[in-house]
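> Here is my input, please return the structure:
(chains A and B)
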Amino acid sequence: GNSVTQMEGPVTLSEEAFLTINCTYTATGYPSLFWYVQYPGEGLQLLLKATKADDKGSNKGFEATYRKETTSFHLEKGSVQVSDSAVYFCALSDRSGNTPLVFGKGTRLSVIA
Amino acid sequence: DAGVIQSPRHEVTEMGQEVTLRCKPISGHNSLFWYRQTMMRGLELLIYFNNNVPIDDSGMPEDRFSAKMPNASFSTLKIQPSEPRDSAVYFCASSPLTGTEAFFGQGTRLTVV
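Below is the predicted model of the structure:
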């Protein structure tokens, strides 16, 4: 079946550090890929997405590139801020229209000033 | 649109009591999902509906849990009787179609004492 594997957290970084959160997936066909972010006390919200190979999703300084050859969708940001502290979830959709999004377990990021 | 609306935001109840959580999805969305989030288990899909019809309830932990969607603009998740281990944050989400981007509500934090 379809699955998503994220790097284990928590991740603690100093402000302005470079961020990478690894995400790999297993899926049949060509899934759509997503990153969601959950700020403390809130629901998940879509951060960015990519729907085909080599697409780059970007938002709020975050980027992720859909790599079909390595089945990966790693999240990156060049300079993190304290306000980026949150839990980040990688997810995929098989686009069949029949199954819900499959989420990774989430990676908690803490950014310290 | 106001997004997915859940109520109440917080619920504290005594063990053995009935609890009803409510959700209003985004207008025009055909799929609705109920999730549970705990520190131990992470984010779990409990049940989802397409066009108001329950499609997969295999994630519902026990018969004490039930969910309904009487119309396209309202769903409930009921726990009867509640137990302390049901304490968690319950999220409702909706999407235009199953497998497309999901929009989450703010969640209901349930505490069973």
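> Spatially central residue in chain B, please.
The C-alpha lying nearest the average C-alpha coordinate of chain B belongs to B:W34 (C-alpha atoms, centre = their mean; 3.4 Å).
> For the closest residue to that one other than its chain neighbours, what are phi and psi?
Among residues not flanking B:W34 along the chain, B:L46 sits closest, at 4.4 Å (C-beta to C-beta, 6 or more residues apart in numbering or on different chains). Heads up, the C-betas are built off the backbone N, CA and C, glycines and all. Here is the backbone geometry of B:L46 (degrees, to the nearest 10): phi -90, psi -50.
> which residue does chain B bring closest to chain A?
Among the residues of chain B, B:F104 lies closest to chain A, at 3.6 Å counting by C-beta to the nearest C-beta.
> what's the neighbour count on that residue?
Here the count is done by other C-beta atoms under 10 Å in any protein chain shown, and B:F104 has 21 residues near it.
> Tell me, what's the model's pLDDT at the residue in chain A positioned nearest to chain B?
Per C-beta to the nearest C-beta, A:G43 is where chain A lies closest to chain B, at 3.6 Å. Per-residue pLDDT puts A:G43 at 94.
> Just give the number of residues close to residue 24.
Went with chain A since none was named. 17.
> nope, chain B please
18.
> Just give the nearest non-adjacent residue to it, would you?
Nearest one to B:K24, counting by C-beta to C-beta, 6+ apart, is B:I5 at 4.3 Å.
> The one you found: what's it in contact with?
Residues near B:I5 by C-beta atoms under 8 Å, 6 or more residues apart in numbering or on different chains: B:23-24, B:105.
> Below-threshold pLDDT in the chain: ranges please.
You didn't pick a chain, so chain A it is. Low-confidence segments of chain A (pLDDT under 70): A:97.
> Chain B was what I was after
B:1.
> near chain A, which residues of it show up?
For chain B, the residues found near chain A under the criterion C-beta under 8 Å from any C-beta of the partner chain are B:4, B:31, B:33, B:42-43, B:45, B:48, B:91, B:93, B:97-107.
> Please list only the buried members of those residues.
The neighbour count (16 or more other C-beta atoms under 10 Å in any protein chain shown) marks B:4, B:31, B:33, B:43, B:45, B:48, B:91, B:93, B:98-107 as buried among the residues of chain B next to chain A.
> Residues of chain A that sit close to chain B?
By C-beta under 8 Å from any C-beta, the part of chain A that sits against chain B consists of A:32, A:34, A:42-46, A:49, A:89, A:93-101, A:103, A:105-106.
> Quick one, which of these are buried?
Buried among those by 16+ other C-beta under 10 Å: A:32, A:34, A:43-44, A:46, A:49, A:89, A:93-95, A:99-101, A:103, A:105-106.
> Among these, name the ones in strands.
Among those, DSSP state E puts A:32, A:34, A:44, A:46, A:49, A:89, A:93, A:103 in strands.
> The residue of chain B closest to chain A against A:V37, yeah?
No. At 10.8 Å, B:F104 does not count as touching A:V37 under the criterion of C-beta atoms under 8 Å.
> quick one: the residue of chain A closest to chain B from B:G107, how far?
In this view, A:G43 and B:G107 are 5 Å apart by C-beta to C-beta, to the nearest Å.
> How about B:G99?
Distance, B:G99 to B:G107, by C-beta to C-beta: 22 Å.
> one step back: can you tell me who the residue of chain B closest to chain A pairs with across the strands?
Beta-bridge pairing for B:F104 (DSSP bridges): B:A93.
> Tell me how many other residues surround the residue nearest to B:W34.
For B:L46, the neighbour count with other C-beta under 10 Å is 19.
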